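> Requesting a structural model of the entry that follows:
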Amino acid sequence: MELKTVLAERRSIRIFRPEALKAETIQELLEAARLAPSGTNLQPWRFLAVTSEEKRKKLAECTFGVNFIAQAPLTMVCCADRSSLATRPERLRELALSGAFAGTSLENFSFSDYQEKVSRDEAANLAYLNINVAIAVEQMILRAVDLGLGSCWVMLFSQKKVRELLALPENLFILALVPFGYPDQQPLARPRMALEEIYLGEV
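Next comes the predicted model:
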């Protein structure tokens with residue numbers, strides 16, 4: 001499917017057919033996320049696939065009325081790994097060795113004191129990680145459309161309850177729950193603002 005078509009046809013799907021997804025399909029979704037770009041190549045995303053009927057029902061109970069999570073054959077629990085920030089020097093070395101900065105002003109930039117140069121508080125660090133995870137999640141969602149699947153961002157849930165249910169460690173912040181499955185509905189295109197309303201012009 002052409003990317004332009006994928007972008008145009010993506011919908012938030014909340015009604016799913018019951019058939020399970022093949023393991024290879026789940027791997028395709030994960031691979032799409034794995035290939036996403038991230039700041040300093042940090043790759044802070046971590047994913048847990050919830051596929052068992054029992055766990056899906058319990059996961060739905062951790063949300064604020066999002067019952068279709070129990071219906072979808074897969075819900076991807078999308079997390080930001082706070083501990084990934086400690087790997088930044090290693091990731092930067094990898095980037096430099098791969099030639100990512102060749103021919104640019106960053107080629108001779110000293111990253112040894114990068115942590116001090118870019119100092120963020122805890123809230124800003126988490127926001128930074130979440131932005132990177134969101135990019136990976138969106139790539140997964142677009143790949144799902146290409147595979148004939150539907151999905152829906154879900155952020156109405158209890159962080160504490162989901163963490164306890166799935167025994168997730170404290171270093172993982174749960175950004176979103178994303179159910180995936182074959183759509184059992186055909187929603188119309190949602191209203192979108194005109195280009196003139198979002199484009200600030202050229203300077």
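> contacting residues around stretch 142-154?
1, 3, 6-7, 9-14, 16, 21, 25, 28-29, 31-32, 63, 66, 68-69, 75, 137, 140-141, 176-183 (CB atoms under 8 Å, 6 or more residues apart in numbering). In short, each C-beta sits where N, CA and C put it, glycine included.
> rerun that using 6 Å as the cut-off
1, 6, 10, 12-14, 29, 32, 66, 141, 176-180, 183 (CB atoms under 6 Å, 6 or more residues apart in numbering).
> got it, and stretch 160-178?
Residues outside stretch 160-178 that contact it (CB under 6 Å, 6+ apart) are 46, 58, 62, 75-83, 130, 133, 151, 153-155, 157, 159.
> so of the residues you listed, which ones are in strands?
Among the contacts of stretch 160-178, the members falling in strands (DSSP state E) are R46, T75, M76, V77, C78, C79, A80, D81, S151.
> Could I get the pLDDT score of the residue nearest to C152 when sequence neighbours are not counted?
Closest residue in space to C152, ignoring its immediate chain neighbours: S12 at 4.4 Å, by CB to CB, 6 or more residues apart in numbering. According to the prediction, S12 has pLDDT 97.
> So S12 versus G150, what's the distance?
Using CB to CB, to the nearest Å, S12 is found at 8 Å from G150.
> of those two, who's got more company?
Taking other CB atoms under 10 Å, S12 and G150 do not tie; G150 has more neighbours (25 against 12).
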